[in-house]
Each structure stands twice: as C-alpha cells, then as structure tokens.
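Trainee: Please find the sequence and the predicted model below.
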Amino acid sequence: MTIRNFSALALLAGAVAASPVLAQNAPITEATANQGLVLINAQAANSLGFTGAGVTVGVLDSGIDATHPDLRPNLATFSYDGNTGGPALRDYDMHGTHVSGIIAAARNGAGLQGVAYDAKLALMVPKTAAGDGEAQADVAIADVYGRALNANVRIFNNSWGFDYYTGTPQGRAMLDTVMRAQIEVFKRAVALDSVIVFSTGNEYQSQPNTQAGLPYYVPELARNWLAVTAVDLSGEIVDYANRCGLAAAWCLAAPGGDGEDAGIVSTVPLDQGGYDRSSGTSMAAPHVTGAVAVARQMFPTASGADLARFVLVTATDVGAAGLDPVYGWGLLNMGNMAAARSGLGAGLTAQSAWAADQGQAVMLQGLDGRLKSQGAPGAWAAAQGGRSRHDGAATVPGAEADSLGLMAGYDLAVGEAARVGAALSWTTTDLDERGAANSAEVKAFTLAVYGAATRGQLFVDGSAGVHRRDYSLTRANVAGAAGAVLGAQG
Ligand SMILES: [Ca+2]
Ligand SMILES: [Ca+2]
C-alpha cells in the first residue's frame, strides 16, 4: 500500500482469547471486551448517555467489512471508496475494520462495543494503485477528505501516516513534495471547524510522523489537531510507539496494546474471524477519536478547537510531571470528561438557566411596568437591574447573579382604554458560583409584542415574544480543565 503504515501496522495478532487480567477480575462483557475502554473510563461517559449519538466520524483507512454485525448498525450515510467510486463496503486489509470497531462497534448485546457506540462511521478509502508513490497517495487522500467535508463530516480518525518524522530534514522535505494536497485540504477542514486525530506511528521514534506533527510546520492547524501515542493495557508507553515529541502540545496517549497477547480486541472482517487483537498507535488514535465524538455530543455547539482542548486538558497527567515529550498531556480519561460535563450539567448549566431567568425577569418587570403605566403612548425606554442570589442545593452551589436589562419600545393607544406595542430588550446576566470559581454569562435578546386593555374594573394584559439566549460557561477549577470554555446553547 502506498500509505505505508497500513502495512507497517498490520495485525500482530493471534486468536482472541480472554485477557488474563480481565479473567482474574471480572467477566468479559460487551463493554469490557476491549480492555482499552476500561483503561480510559469510557463507561463513565457512556453511562451518562454520552455515546456519540448524532455524531458522524470520518475514518480514513483501508475500508470496512460493511456486513459485520457489530458495525453494520453504525454505518453513516456517507462513505467513499476511491477504488470503486462508490460507498466503502469492503476492507482491502483488516486495518480499517479494526479501527472502526474501536470507535463505534455497536452496543447490540453481542460482540463488543466502541468508545462511541452510537456514533456513525464514514469510511474514507483513498484510491490506490500498484506502484503508486506517496505523491499519488497525497492526491487521493485530499480527494476523499474533500468529499467527506462536502458531506459535513467534521471529526476524522487517521490511523496512518508517512514514515517521516517531525523535526527531521526528511520530514521537512515531505511537506513541499508529497503532502501539499493534504495540507491544503487539512487547512480547509480546520477552517470548517473540524477535529483531526492522527496516530504518531510505530517506528520506535522520539518524534511523531509528519502528519501527527503537522501543526509544528503549519501552526494554524494546531488548535484542531490531536496526535495520539500508544500505551499498553496497564497505561505504560510501549516501545514501538513514536513519542509525542515536538507535538506534545496537541498530543496525548491512549491504549494501543502491546503484541499478540496484549493487543486491542476489536472487529475484523468476518472472513478473518470477526474479532481479533491488534497493536499499534493505529489502535490508540481511534480511542481518542471516539472520545472526541462523545465530547461533541456533550457540547453540541462548542468549537472543534474547544473539543480538542477539552480532550487534552482532561487527560490524566502521567510520566514526567506536566506536559512532557513522551505522553504529551497524558492518558485519555473519559472519566474526567464525564465529571467535567456532569459538573456542568448539574451545576453550572442549571445555574446559567437560572441566570437567564433572572435576566428574563428583569425584562418582564420592565414590560409589566410599562403596561401598567399611564404614560403617554409613543416611544419609551427603560432600564432595570438587580442582584439575585440563591443558596444552592446538594449538587448545586449557591450563586449570585447580577442582571442588567435595557429595553425600548413603541406603543399606540387604541381607543380610550387600550394600548398595543412592541418592545426589544437586551439583558445580560453574570453569574458566579460561590466557592467554586465557576462563572456563566448569559446574554438574551427578546422581541415582544404586548397589549393591555381596561374596561370598568377589569384590566387584562398580555405579551408574547421570541428570544435568543447565548450562554458562555467557564468552568475554572475542574481538575485539568482550567480555561476550557465550552459555550453555548441557546
Ligand atoms: Ca456489540
Ligand atoms: Ca506528564
């Protein structure tokens, strides 16, 4: 194959056997058949309902066995095989089927499940031909990327790379010769808010391959890029795995397995047995890609760059303290992701909804005052403000919110005792959680129409409107999540 790591990463394999570690500790279940899921605490996120539902993941690889019962339920509408010009239905190797199962094998009561078992898999198979070199592969890779972007795929797994290394003269030379088309399409992908995940490669190097390290040369890619090195099933770096090196700032580690007996269990084509072990950074990257899909479901409107950052900052620091050139940010930890998200869910999201209500209340007070006023018809404007506080509950810290509202409208007298009008308001509420250093800001625009009438002793009024709320949530003190802004819903 022209994409060298497809062959370099070939199956290290043996029969699927019960892992000695698991056999001692727990029965193998669908959720634990891939022990990598245990190491990254996938269940902590999955059990909260974060399973990749609604998220499509592009997988540039050797194909997929589309008849596999553990993968068939999760095939995306889009896929593309450059060799046939049609959908990707077969695997030219076993690699793509294995990678795909790690991401999104179905939770269907049989076999095993993926990190994001409700996500959809969009396979991207570059056209290959005998004798092709890397330059032709470059064009074919850019072609399938372009097609996937056109199909609105925005999260990409890349368990492949050319065997040239970041920071070396050869690696640098690749950029202008056999990576030009890729670089252009990656720039487009990042401009479209994608997250691009790359394995670092399996050549025992201190530096990742040039694809995983590409932001070293093209810095505009860095915020949306994740490089992934491999650890064994106990969480230790494995010999074969190229280290994070110069890519440390956008790199982390995930389970890649180590050899025949301790490889990652996943799906393989049915004619190769259906399930098997394989080891490599190719197996590590899809754990991270699955986690990105889960993060996307957690934060549907966050930017791709913030999703990538979320996955990095919630990793467990391992190896040398802090960011280091072996493990980068550390070991993928979906337990931390779940804790951060559930903290947001139980606390800050509830707080910000409350804050929004405070802002809305301020606006309604102003409108109500206007309705009941006996002011002359015509243009009017008012400002309202206030501070609210609540004492919190078991899972929700107390908080203070400062709200300010400005509104302006125009009303018309209709006869002697009735008026109708329209108003536009803008409110902003800043909320701080007591003792938690978390904050939320809610800005709301409301357009309302209102009316009031008096007849004898009877006074009736009403208003109806539409509003838009923009939330910005900052969780300042979750372990490892400092500075991640995971805005917005509304
Ligand atoms: Ca299954
Ligand atoms: Ca470290």
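Mentor: Yep, it's here. Residues are numbered from 1 along each chain as shown. Ligands and ions are numbered 1, 2, ... in the order given.

Trainee: Would you enumerate the residues in contact with Gln207?
Mentor: Tyr165, Thr166, Gly167, Thr168, Gly171, Gly213, Asn242, Arg243, Gly245, Leu246, Ala247 (CB atoms under 8 Å, 6 or more residues apart in numbering). The C-beta positions use only the backbone N, C-alpha and C, and glycine is treated the same way.

Trainee: Setting the sequence-adjacent residues aside, check what's closest to it.
Mentor: Once flanking residues are discounted, Gln207 sits nearest to Gly245: 3.9 Å by CB to CB, 6 or more residues apart in numbering.

Trainee: hang on, isn't that neighbour packed against Gly201?
Mentor: No. Using CB atoms under 8 Å, Gly245 is not in contact with Gly201; the gap is 10.8 Å.

Trainee: Identify the contacts common to those two.
Mentor: Applying CB under 8 Å, 6+ apart, one finds that Gly245 and Gly201 are jointly contacted by Pro208.

Trainee: Show me which of these two is the more surrounded one.
Mentor: Gly201 (35 against 23; other CB atoms under 10 Å).

Trainee: how far away is that one from Leu406?
Mentor: Applying CB to CB, to the nearest Å, one obtains 57 Å for the distance of Gly201 from Leu406.

Trainee: just Ala247 next, same as before
Mentor: Summarising the geometry, the distance separating Ala247 from Leu406, computed by CB to CB, is 48 Å.

Trainee: Those two: who's more crowded?
Mentor: The residue with the greater number of neighbours, taking Ala247 and Leu406 and applying other CB under 10 Å, is Ala247; the counts read 29 against 17.

Trainee: Distance of that one relative to Val318?
Mentor: Using CB to CB, one gets 17 Å for the distance from Ala247 to Val318.

Trainee: likewise Ala339?
Mentor: Computed with CB to CB, the distance linking Ala339 and Val318 is 18 Å.

Trainee: Let me see the contact set for the residue in the chain that ligand 1 sits nearest to.
Mentor: With CB to the ion as the measure, the residue in the chain that lies nearest ligand 1 is Gly111; the distance is 4.0 Å. Listed by CB under 8 Å, 6+ apart, the contact set of Gly111 reads Glu30, Ala33, Pro69, Asp70, Ala105, Thr267, Gly274, Tyr275.

Trainee: so the fifth one makes contact with Val115?
Mentor: No. Using CB under 8 Å, Ala105 makes no contact with Val115, being 9.1 Å away.

Trainee: any chance you could map the strands in this protein?
Mentor: Assigned strands in the chain, in chain order: 56-60, 80-81, 120-125, 155-158, 195-199, 225-231, 251-255, 264-267, 275-278, 378-390, 399-413, 418-433, 439-455, 458-474 (criterion: DSSP state E).

Trainee: which stretch among these comes nearest Ala45?
Mentor: strand 251-255 (14.2 Å; CB to CB).

Trainee: ok, and what's touching the closest one?
Mentor: Residues from elsewhere that reach strand 251-255, judged by CB under 8 Å, 6+ apart: 35-36, 39-40, 200, 208, 212, 226-233, 237, 244-245, 264, 283-285, 287-288, 311-312, 315, 318, 327-332.

Trainee: so how far is that strand off the chain centroid?
Mentor: 15 Å (CA atoms, centre = their mean, to the nearest Å).

Trainee: is it anywhere near ligand 2?
Mentor: No. Strand 251-255 stays out of contact with ligand 2 when judged by CB under 5 Å from the ion, the minimum separation being 9.4 Å.

Trainee: Between strand 195-199 and that strand, find me the angle.
Mentor: When axes from the mean of the first three to the mean of the last three CA atoms, to 10 degrees is applied, the directions of strand 251-255 and strand 195-199 differ by 60 degrees.
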